[in-house]
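A.B. asks: What shape does this take:
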Amino acid sequence: GARRVEDLKNLPELENAPYLVVDFNADVSEKLKWKFQPSQPEVRVRVGETALAFFTAQNNGQDAVTGVATYNVFPPQVGQYFNKIQCFCFDEQRLKAGEQVDMPVFFFIDPEFATDPRMAGIERVTLSYTFFKAYDPDNPDPEDVEPNPGAHA
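C.D. replies: Residues are numbered from 1 along each chain as shown. Okay, here's the model as predicted:
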């Protein structure tokens, strides 16, 4: 199952833990006038060790706007082992017109990944985010808001 932050110090040491390459993908809904991209195309992470990656978002619109990110992991069966400790996707992000921000995602691959026979041969994982326009009480135009996409693994 999912591990809590307190469990990090108790993760088992995996002497022969495999490395995975985690690719990053970033998309934006057409209703959101943002530029959104990973700050690095990929990271190499050892199973059981934490990794930090960044994404950059810029509001190219004329007004402040709030976005919410959903994510998915590919291949899907890896999702149960992909643990985000800190992520911009946990909260809505509000950017002023022209504002650019760096947004972190701090994560690890659960050590149980290494002992699951269904994970054999998986060496590359893609973490993909899509930003959608969130409901904005300052601009409650229902035509402009997307249905709540909801995050999924």
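
A.B. asks: State the pLDDT value of Asp136.
C.D. replies: At Asp136, the model reports a pLDDT of 73.

A.B. asks: Just say helix, strand or coil for it.
C.D. replies: Following DSSP: H, G, I helix; E, B strand; the rest coil, Asp136 is assigned to coil.

A.B. asks: wait, it sits on Val68?
C.D. replies: No: Asp136 is beyond contact range of Val68, at 10.9 Å (criterion: C-beta atoms under 8 Å). Every residue, glycine included, has its C-beta placed from N, CA and C.

A.B. asks: burial measure for Tyr129, as a count.
C.D. replies: Tyr129 has 23 neighbouring residues, counting by other C-beta atoms under 10 Å.

A.B. asks: Next up, the contacts around it.
C.D. replies: Phe24, Asn25, Ala26, Asp27, Phe36, Phe55, Ala69, Thr70, Tyr71, Cys89 (C-beta atoms under 8 Å, 6 or more residues apart in numbering).

A.B. asks: Can you give me every residue that contacts the closest residue to Gly98 other than its chain neighbours?
C.D. replies: Of all residues not flanking Gly98 in the chain, Asn59 sits nearest, at 6.4 Å (C-beta to C-beta, 6 or more residues apart in numbering). The contact partners of Asn59, taken as C-beta under 8 Å, 6+ apart, are Lys33, Trp34, Val65, Leu95, Lys96, Ala97, Gly98, Glu99, Gln100.

A.B. asks: of Asp136 and Val68, who's got more company?
C.D. replies: Neighbour totals were compared for Asp136 and Val68, and Val68 leads with 22 against 17 (other C-beta under 10 Å).

A.B. asks: My read is that the more buried one contacts Ala134, right?
C.D. replies: Yes: Val68 is within contact range of Ala134, at 4.4 Å (criterion: C-beta under 8 Å).
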